[in-house]
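> okay, sequence plus prediction incoming.
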Amino acid sequence: AGLCDFGGRHPKEADGDSGEEEEHEEGESEDADGFTLDEVLRLGGTKQDYLMLCAVDEAEEMVDGGKKDTIDDLKAGELEAFISSLGIGKYTKSCLVVEEEGGSNEEKEKPPKKEKSKEETKPPSLGGKKEKKAKEKAVKEKASGVKDSKKKQAGGEQEQHLSAKKERPEEDFEFHARQVILIKPGGKWYDLEYTNEFSLEPQNEMLLSKYKALAQKLYQHETELYKNKTDYQKGASSAWMKTVVSSGTLADRMAAMTLLIQDSAVHSLQFVENLISLIKKKGSRHQSHMALDTFKELLISDLLPDNRKLRPFSQRPFNNIEKMSSGNRDSRDRRLILWYFEHQLKLQVAEFVQALEALGHDSLTATKSRALAVSHELLCNKPEQEKALLVQLVNKLGDPQNKIATKASYLLETLLHKHPNMKGVVCSEVERLLYRANINVKTQYYAVCFLNQIVLSHEESALANKLVTLYFSFFRNCIKKKDVESKMLSALLCGVNRAYPYSETGDEKVKEQMDTLFKVLHLVNFSTSVQALMLLFQVMDSQQTVSDRYYAALYKKLLDPALTTCSKPSMFLNLVYKSLKADVVLRRVKAFVKRLLQVTCGQMPPFICGTLYLLSELLKVKPELRVQLQDHVESDDEECFKDQEEAEEKFVDADKEVKGEEMSTTENSAKTNSSNSTASWVHHLNMGGRKSGASYDPMHRSPLYCGAESTSLWELKKLSEHFHPSVALFAKTILEGNHIQYSGDPLQDFTLMRFLDRFVYRNPKLHKGKENTSSVVMQPKKKQFMKDMQNLAVNSKEFRAKDESKIPVDEVFFHRFYSKFDKRREKQKRQDDEESVEDVDDDEFERALDKFEAADNTIDVGQDDLDFA
């Protein structure tokens, strides 16, 4: 305080020993910043204060009464108290750095307390003024060197700090046991605070191994603490649960393990291991199946996060863990426990997926089907191990059992329906299966059938291009092998048909194979040829260049005998309708309609009704066809009748007759040659069509030149008299110039099965979008009546009470049948009633009594016997 009042330069109070005797000489010492040693001592200071005053450089910047960047404002004992509170005394030996003489100036600047240099602790000798002045001068010179060495000292301190940071002491990874658990039970483990911290940067291997070893010890200690805690809290309940898990029935063990895992998954990893071992156990399939279902439900509901995969231990930010924990050991250890648990859980799930694959190769179909369903459910709901599960699912397309392969295809379709963004990944995996070495043809067929069922959109043109390329690759292989009769070709063409509208490079691929497709048409079965025709029409129609070659091929297919037994007639009729709708040559359309009606004469009623409905729709688009409905088609040439010239009887000599025959033969041969040469030379003139008045040729190979425009559609007259009422009604509707009003599917509604369903009084199912599948004429004002009619069984009183004119034509038979049956039953009932009211004479009465009083007491009463009651 005296120094501050006098000089105002140094506010620090000395902490020296007040009892120490300091020897000095008055008026003989040198000045220290204006003060002599005698003045300092006289003011109550010590020699240390004097030395510190000598070290003060007035040129340096002063902050709060002290030098900048130096710790010189501590109170008495403050530094020692702070160091002792840190508890670093036990690390003194490992951190102590021994320095030589003339070491760091930092120690020289600190005010010494107990450890003093020899010069300071030793009492000054009485040798005189010169010796003391020399010592003080030396001290002052050393103090003045602080400023010069400050930069070098700062650099050395940074190097020491970095080296100490790099060489972490082993004690940082030392395990310290706790008495309380760090992870509180309850809730989902992946919702806890530190589970989402990760780093994709490569970690230090040595650092990683040390933290992993520490995390393992912490996790083991945590689970032991939790076990003891639950045993202590629950008492008898915990003991009972422990007994059930170890020696209970199978169902009770599963339930107990499920409850324990749901209570705290972090502390119940051992039960996860138990469930997986039960799944892998080959002793009992029932036990394996039950454990499989239990663990699957646990994975979906409690163990796996919804929106991310499990992270391994190596993908954690260990370089920043101390910074993230802010030096808090509990926070760091809690992170390590959670990260270690997630790493172990990831390993267990991978082991479970391997066990699932082993179950997929079981000899029993039920086991394989169950494993397949579990793989699909996990793949649909959780992202963990999705690649391995997808591979398992795709590989099952090649299962030897057709049932499993079909189920795998169905499950893959369901997966894509739920997750459309996985189409590219799934298609790539299926493509890998298709090009795998030694793959059998059946597997390839199932894989292609799955691919051609994928629903595409215009945003997925890249995927469509990829699929079209794949289909044509296999198409070329089939053609090279001459394997045109296989089902694979039909599946490939079906896939191209579905992918072509969304592909950008489909035109080039199809054009390369255009001639091949036309050749294949006449070699493959009917279904495959229809697929090829559909593809050709798609390509040509998109470019508005549908060729005559295509129409000739389609015209020929109408006479294919396989049309009668075709499995998908609706696809063929749809193709015919689109082709005729796009055709601009009217006489070719007439030829198609004529042949269609001829073909229907040998078909079943459903196909006939479908064809007539097609014709009705076509008449809406091309009303010019109504000319063919007339009995006699008008011709431009007037019809003229000429009598045949009467042949006059002439008599000629024999020699003249021979000459005349030779001349006529020569003339006829010349005419024949000229006609042949003319026909072959100017064949293009036939493009104008046949001459008017030419007869219709039903077997002509080209629809342009068959002469169908010169005949009428007389087949409709015959169809209006068909035995099937719906066929007759459809044909009459067209002949009357009306359009068929029908909202159902005639190819399905008029089958024999639907007819027989009525005999067992079962109404057809009402399909979505169909008002009524059993009625034929669906006029708007009759829709409500049709609904009411459908709810009536054909043998009900309400149905029989309806007027026959209001009954659909396909149900008139039932109405008449049950009405007549009703009349006969009523007539019989009246006769029985009349006989029962007639008088009974004595003889009849006696005979009846004799029957009832017979000794054997047997009663044999016939229909004509009297009812005594």
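That came through, no problem. Residues are numbered from 1 along each chain as shown.

> mind listing what's buried in stretch 187-205?
Judged by neighbour count (16 or more other C-beta atoms under 10 Å), stretch 187-205 contains these buried residues: 189-190, 194-195, 197, 203. Heads up, the C-betas are built off the backbone N, CA and C, glycines and all.

> now do the strands in the protein.
Taking DSSP state E as the test, the strands found in the chain are 62-63, 66-67.

> before we move on, the earlier item: same list (the buried residues of stretch 187-205) but as CSV, adding pLDDT and distance to Asp560.
Converted to CSV, the buried residues of stretch 187-205 look like this (pLDDT from 0 to 100; distance: C-beta to C-beta, whole Å):
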residue, pLDDT, distance to Asp560
Trp189, 90, 66
Tyr190, 88, 62
Tyr194, 83, 71
Thr195, 84, 66
Glu197, 85, 69
Gln203, 82, 70
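
> next step: these restricted to helices.
Applying DSSP state H to the buried residues of stretch 187-205, no entry is found in helices.

> between these, which is closest to Leu433?
Tyr190 (33.6 Å; C-beta to C-beta).

> now do the contacts for that closest one.
304-305, 342 (C-beta atoms under 8 Å, 6 or more residues apart in numbering).

> in TSV, list those along with pLDDT, neighbour count and distance to Thr36.
Formatted as TSV, the contacts of Tyr190 follow (pLDDT from 0 to 100; neighbours: other C-beta atoms under 10 Å; distance: C-beta to C-beta, whole Å):
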residue	pLDDT	neighbour count	distance to Thr36
Leu304	93	21	83
Pro305	92	18	78
Glu342	93	21	73
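
> next step: those residues restricted to helices.
Using DSSP H, the contacts of Tyr190 in helices are Glu342.

> identify, from the contacts of Tyr190, the entry nearest to Ser268.
Glu342 (14.0 Å).

> that closest one and Glu197 touch, don't they?
No. In this structure Glu342 lies outside contact range of Glu197 using C-beta atoms under 8 Å: 10.9 Å.

> closest one of the contacts of Tyr190 to Leu415?
Leu304 (17.2 Å).

> for the closest one, what are its contacts?
Taking C-beta under 8 Å, 6+ apart, one finds 190, 310, 349, 382, 384 in contact with Leu304.

> can you put those residues in TSV and add distance to Arg42?
Formatted as TSV, the contacts of Leu304 follow (distance: C-beta to C-beta, whole Å):
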residue	distance to Arg42
Tyr190	75
Leu310	78
Val349	84
Lys382	86
Glu384	83
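
> farthest pair in these?
Tyr190 and Val349, at 13.1 Å, using C-beta to C-beta across those.

> how many neighbours does Val585 have?
13 (other C-beta atoms under 10 Å).

> from Asp749, how far out is it?
As judged by C-beta to C-beta, to the nearest Å, Val585 and Asp749 stand 34 Å apart.

> kindly report the same for Gly248.
59 Å.

> between the two, point out the one with more neighbours.
Between Gly248 and Asp749, counted using other C-beta under 10 Å, the more crowded position is Asp749 (22 against 15).

> the nearest residue to Lys296 once chain neighbours are set aside: neighbour count?
The shortest distance from Lys296 to any non-neighbouring residue, by C-beta to C-beta, 6 or more residues apart in numbering, is to Val374 (5.0 Å). Using other C-beta under 10 Å, the number of residues around Val374 comes to 24.
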